[in-house]
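**Student:** could you look at this predicted model? Sequence included:
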Amino acid sequence: MIDLGKRNVLGIGVNAIDYESAVARVIDAAIGRQPMSVTALAVHGVMTGVTDPEHQYRLNQFDLVCPDGQPVRWALNLLHGCQLADRVYGPDLTLEICRAAAQQSVPVFLFGSTEEVLSRFSDTLCRRFPSLRIAGTRSSRFRTLSQRERDELAEEIHSSGAGICFVGLGCPRQEVFAYEMRDRLDMPLIAVGAAFAFHAGMLAQAPPWMQRHGLEWLFRLAHEPKRLFKRYLTTNPAFLVRLALQKLGLMHRHQDPGRPPQRDVLFG
């Protein structure tokens, strides 16, 4: 098990951790009914925090920030000598948490995406882990929630009996949700993004060799060029430039706390 704590990657605190330790921390919090915010960040997730002080603040309040993308793992190794052999990929982390939750009789709640995705995702989880109990599901309304809707959603998740809530709203909305709802729910909130669609069989995953070599972005760009072209054209080069400057000691010498959000913007 590897858990070296948080390390500064472009001002964002990212945990140098492996799957086993990440799963153990989540399950311990679930069994102990402790609030916990968890996410797995690739380059885009890190850069969203770097370019938005309020979101940077949110990310730096998370209990666990896993290195989802290979470039984020490489950054931890390059900057801090962490010697991580593997990333902690959100879709795989989801399955490992569900495996452990089934073994420990911890029910899970699935929040986000569409009814169709949730139905298929639930079926996949039940086939893979027959003893896993899905306490409830709720699709996204795809808009900002009112205060009453937030209260109702928190009560629905709490009263379901779930010990873990997976959140699939896409970056950065899922991290906003996990940040704003953390202290209202006595359970881990796991922001896992595309894991819902991947495991529902509605979004193709990059071949293992592309994942190992940090080329997952290229695979996704080939499948969704119009939506992702601008993202990868700007974020990937910016990440590499900032990483080089941090390595040289010219930028991001310390973890940046960011700026507390001025208002809640819960999307659900």
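**Tutor:** Nice, thanks for sending it over.

**Student:** check which helices and strands the top helix by length along the chain sits against.
**Tutor:** Looking across the chain with DSSP state H, the single longest helix is helix 225-247. Contacts defined by 3 or more C-beta pairs under 8 Å, 6 or more residues apart in numbering; DSSP states H and E place helix 225-247 against strand 3-9, helix 43-50, helix 70-80, helix 216-223. In short, each C-beta sits where N, CA and C put it, glycine included.

**Student:** what is the rounded mean pLDDT of the third one?
**Tutor:** Over the span of helix 70-80, the pLDDT mean works out to 97.

**Student:** list the helices and strands that helix packs on?
**Tutor:** When contacts are defined as 3+ C-beta pairs under 8 Å, 6+ apart, helix 70-80 packs onto strand 3-9, strand 12-17, helix 43-50, strand 64-67, helix 225-247.

**Student:** now the next helix or strand after that helix, how far from the centre of its chain.
**Tutor:** The helix or strand immediately downstream of helix 70-80 is helix 90-103, counting by DSSP states H and E. In this view, helix 90-103 has its centroid 13 Å away from the chain centroid, taken as C-alpha atoms, centre = their mean, to the nearest Å.

**Student:** nearest residue to residue 253 other than its sequence neighbours?
**Tutor:** Sequence neighbours aside, residue 246 is the residue nearest to residue 253 in space, at 7.5 Å (criterion: C-beta to C-beta, 6 or more residues apart in numbering).

**Student:** with residue 158 instead?
**Tutor:** Computed as C-beta to C-beta, 6+ apart, the closest residue to residue 158 that is not its neighbour in sequence is residue 185, at 6.0 Å.

**Student:** what's in contact with stretch 86-102?
**Tutor:** Here stretch 86-102 makes contact (C-beta atoms under 8 Å, 6 or more residues apart in numbering) with 17-19, 22-24, 26-27, 30, 40, 66-70, 72-73, 106-108, 125, 128-132, 163-164, 166, 190, 192-195, 198-199, 205, 211.

**Student:** no further questions, thank you.
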